[in-house]
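*Asks:* Predicted model, plus sequence, below.
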Amino acid sequence: MSTYIARRLLWVVVTLWGVSMLTFLVAYAVPADPARLYAGPRASAEAVQSIRHQMGLDRPVPVQYLEYISQLLHGNFGYSYHLQSDVLPIILGHFPATAQLAVAAIVIELLLGLPLGILAALHRDRWIDRLALMVSLLSVSLPAFALGMLLLYAFGFIWPIFPLGGYGGLANLVLPAVTLGFVGAGWYARTLRTTMLDVLDQDYVLTARAKGLLPWQITWRHVLRNAIGPIVTGLGLDMAYFLGGVLVIETVFSWPGVGLLSYNAIAYQDVPMIMGTVLFSALIILMMNLLIDISYGFLDPLVRFD
Amino acid sequence: MSITRRRFLQASTLAAAGVTCTAPRGLAAAARAAQSGTLTTPAIFAAQAPSTPTASYGGTLIATTGEDMETFDPAISYEWTNWSMLPNVFEGLIGFKPQSTDLVPLLAADMPTISEDGLVYTVTLRRGVKFQAPVSREVTADDFRYSWLRVLNPETASPGVTFLFDIAGAQDYFEGKAEDVPGIQVVDPYTLRIQLVKPTAHFKYILGMTFTMVVPREIVEQYPKDFSHHAVGTGPFMLKNWVRDQYVEFVRNPDYWQKELPYLDGVTLTVVNQPTVAVQQIQRGEADLFTDPSIPPLDYLQLQGDPTWSKQIVSLPTLRTAYLWMNTSVSPLDNKQVRQAIAMAIDKDRIIKVATGGLAQPTGVVFPPGLPCYDANQPTWPYDPARAKELLAQAGYPNGLSTTILASQSAVSQATVEQVIQSNLAEIGIKADIKLATGSTYTTLLRSQANQLGQTSWGADYPDPSDFINPLLTGAAVGPSGSNFAWYNNPEVNDLAAQADTTLDESARCDLYHKIEGIVIDDAPWLPLYTVVFVSLISPRVKQFWLNPTYAAFDFAYYQVSE
């Protein structure tokens, strides 16, 4: 197991290196001039050139890349001229909000999606199954933006139970988490229903029933454990996705997360910030994937690591 | 001053019809009002003067913004949000009289005395003006010299260096050819002497720009890479706390030199990304003022229909002209008659509806109403597609021609104005393809000589005609050097503009600008489209409020809330 983890970590480093190179190239391939964007329309060509020189953008791209990587290895993610601040503290400052929202959204997704999926599977083709499928369909079709604005309007404006966006306490977290949670729950419901139906048809379930186990015991002890696999994968992917920042929800709810940070970085061609946010997200995705893969070892005894 | 393209497009497509004000009604009247320095404000303020006998002190005003400040440093901040907040904390030698575009001395004791030849400005500083805590010492002439040298230092990478190049030796210092700027002299601790390269009529406005605001060297030296978060100035408010992308807290400066100001205990700027949500917050009492350029049209229409909230809408025509530019250096637009034909083919009313929902004033001249030397009597191109088609035939294109329109695509604009232009041109036989570019790519492509047509706007950095002509319509500003997207290079205009720069007599100067405008309108490198109107919303809690006429920005020091 430990050699497996070591090998995977090595791959994480290699992947990050590839990501950094690709992102760097793409950032420079775009025909946009960060110096001109920063300088504004009134600056003369000489002033823009001077600013370009200060930003280090007039050196050859490979030189800039090597300097970036060497800084990175010392823990320095660079300096954003656009924000007049070091990159890493800004990203880390925005991360708690993103993390909170990610965890809350996952919780809601599971609270909504799993029971729905279980009920649908256990009462196949009956009204509860139909209802569950309809709700799932709604969930995957409804754009997060629209749902978010609706919820905000309804529960922030018309019946002001919750604040109108912003970041602060539990009250601020509810609506954005519910929006993200609802929009993601459908997938979980449908997937769990499908995997459970597969398991319910298995011989050992029949045996369990023959043994005289109660339905809830069968579900809990035998069916769920075997059906949960894809859910865990989905969970990992979702977590990784949320931790990269969900721009749409952040703008609707004025949630100060990492998504808005990366969006603004791209709009202003703030190369150090673009690199910072991409590498940060990539690192999280890679680590999440690693955790998920390791967790399989504990969930499914047939999985081996070698 | 740059409102980002994104912000302007948000603004111009998010305003809507109607102006709610007591008197005067109508946009033309509003424009005249702006010209005379008065404002269109809600009925509740109509009778109030800036300092009422029953001034109410206290309370915190909560203002919403769609984007957080990026930087908070007079040497660097140029985008709308940063820039409109700078006067809370920082001050310069000269400012604007409240509710007017007239200059008044601020940290200067009097307006500068100008030598006979127009080259030397001598400024006496007001005494007893102190930097805020923790610096807490008196401001001297040396502080101004330090602040300006900082702007000119290439390591600062200031977007505003060009504004200071009127000062003798400034450009050499910036380019590394000199160790110092001889044009900025400290005569004694309270006297500053500035020497110019040549007599410059607009220089007094430079002394009022944010780039010349004074900063304390102690803070700069302590936080060389992070001045923004520890900003200290001389202004009515102090920067207390800034949580990025959440809020910025300004609190009253107890040592402010204007003893009766500010009225407010503090101003909190909260980041609300969705403009509709910001409007809802104001309606719910969670916020007091909407600071982004213009509230969304749907919200506007809804508020208009509400008896309480329609009175809370504030609007003001700005010193910003939206225009269509045509690249005069490439075929077929190098043909003057072709440009004139295009000028007559565009339906401005339709564009105004599409771009602003109707809340803008059509214009045929370069200068916006309210700018000195604005001339409402210039002959302008009428909307006459029949005549346009004739002229096009005369120009040698009886069967029409092909061209392209460069457009910026953002979430809000969808190139709708360009589509109107495209259909207008089709009516006279011109086939125009729309070339879309996004955000930062668009800004770079704007300066390419391969462009044909495009649409944009320009707002005054300071209220002077030179700020329109020099950066947009002179030969020196073509290409990567400036914002002359029409690549317009008319030697006569260049000469007249240079002459006007050094003419200190106001009426002679305006004569020159009238002449320039006349030539430009006739040559038609541009078709001016409309004057932008700024629309905002305030909560009933706000008792004293106006929009600053020079920039449609905010004078928080004078605002009052009821508590």
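*Replies:* Arrived safely. Numbering: from 1, shown residues only, chains lettered A, B, ... in the order given.
*Asks:* buried ones in the helix or strand encompassing residue A:102?
*Replies:* Using DSSP states H and E, residue A:102 sits in helix A:87-122. By 16 or more other Cβ atoms under 10 Å in any protein chain shown, the buried positions in helix A:87-122 come out as A:87-88, A:90-91, A:93-95, A:97-102, A:104-106, A:108-110, A:112-114, A:116-122. In short, each C-beta sits where N, CA and C put it, glycine included.
*Asks:* what's in contact with whichever helix or strand comes after it?
*Replies:* Elements were assigned by DSSP H and E; along the chain past helix A:87-122, the next helix or strand is helix A:127-141. By Cβ atoms under 8 Å, 6 or more residues apart in numbering or on different chains, the surrounding residues in contact with helix A:127-141 are A:116-117, A:119-121, A:123, A:182-187, A:189-190, A:193.
*Asks:* Show me which residues of helix A:127-141 are buried.
*Replies:* Of the residues in helix A:127-141, A:129, A:132-133, A:135-136, A:139 count as buried by neighbour count, 16+ other Cβ under 10 Å.
*Asks:* picking up where we left off before, ok, of the contacts of helix A:127-141, which one's closest to residue B:109?
*Replies:* In terms of Cβ to Cβ, no member of the contacts of helix A:127-141 lies closer to residue B:109 than residue A:183, at 62.2 Å.
*Asks:* just checking, the closest one touches residue A:147?
*Replies:* Yes: taking contacts as Cβ atoms under 8 Å, residue A:183 lies within contact range of residue A:147: 6.4 Å.
*Asks:* if we can go back for a sec, and the contacts of helix A:127-141 near chain B, which?
*Replies:* The subset of these within reach of chain B, counting by Cβ under 8 Å from any Cβ of the partner chain, is empty.
*Asks:* Low-confidence stretches in the chain?
*Replies:* Because you didn't say which chain, this covers chain A. Counting by pLDDT under 70, the ranges of chain A that qualify are A:305-306.
*Asks:* hmm, I had chain B in mind actually
*Replies:* Regions of chain B meeting the criterion pLDDT under 70 cover residues B:1-54, B:410-414.
*Asks:* Name the SS class of the residue in the stretch 301-450 of chain B positioned nearest to chain A, please.
*Replies:* Closest approach of the stretch 301-450 of chain B to chain A (Cβ to the nearest Cβ) occurs at residue B:440, with a separation of 3.4 Å. Under DSSP: H, G, I helix; E, B strand; the rest coil, residue B:440 falls in the helix class.
*Asks:* re earlier: of all the buried residues of helix A:127-141, which comes closest to residue B:527?
*Replies:* So of the buried residues of helix A:127-141, ranked by how close each gets to residue B:527 (Cβ to Cβ), first place is residue A:139, at 50.1 Å.
*Asks:* Tell me which helix or strand the residue nearest to that closest one when sequence neighbours are not counted sits in.
*Replies:* Nearest residue to residue A:139 in three dimensions, chain neighbours excluded: residue A:186, at 2.9 Å (Cβ to Cβ, 6 or more residues apart in numbering or on different chains). For residue A:186, the element it lies in under DSSP H and E is helix A:170-200.
*Asks:* Give me the residues contacting the next helix or strand after that helix.
*Replies:* Heading C-terminal from helix A:170-200, the first helix or strand you meet, by DSSP H and E, is helix A:203-211. With Cβ under 8 Å, 6+ apart as the test, helix A:203-211 has contacts from A:199, A:217-218, A:221-223.
*Asks:* Where does chain A get nearest to chain B, which residue?
*Replies:* In chain A, the residue found nearest to chain B is residue A:32; the distance is 3.4 Å by Cβ to the nearest Cβ.
*Asks:* and that residue, how many residues sit next to it?
*Replies:* When neighbours are defined as other Cβ atoms under 10 Å in any protein chain shown, residue A:32 has 22 of them.
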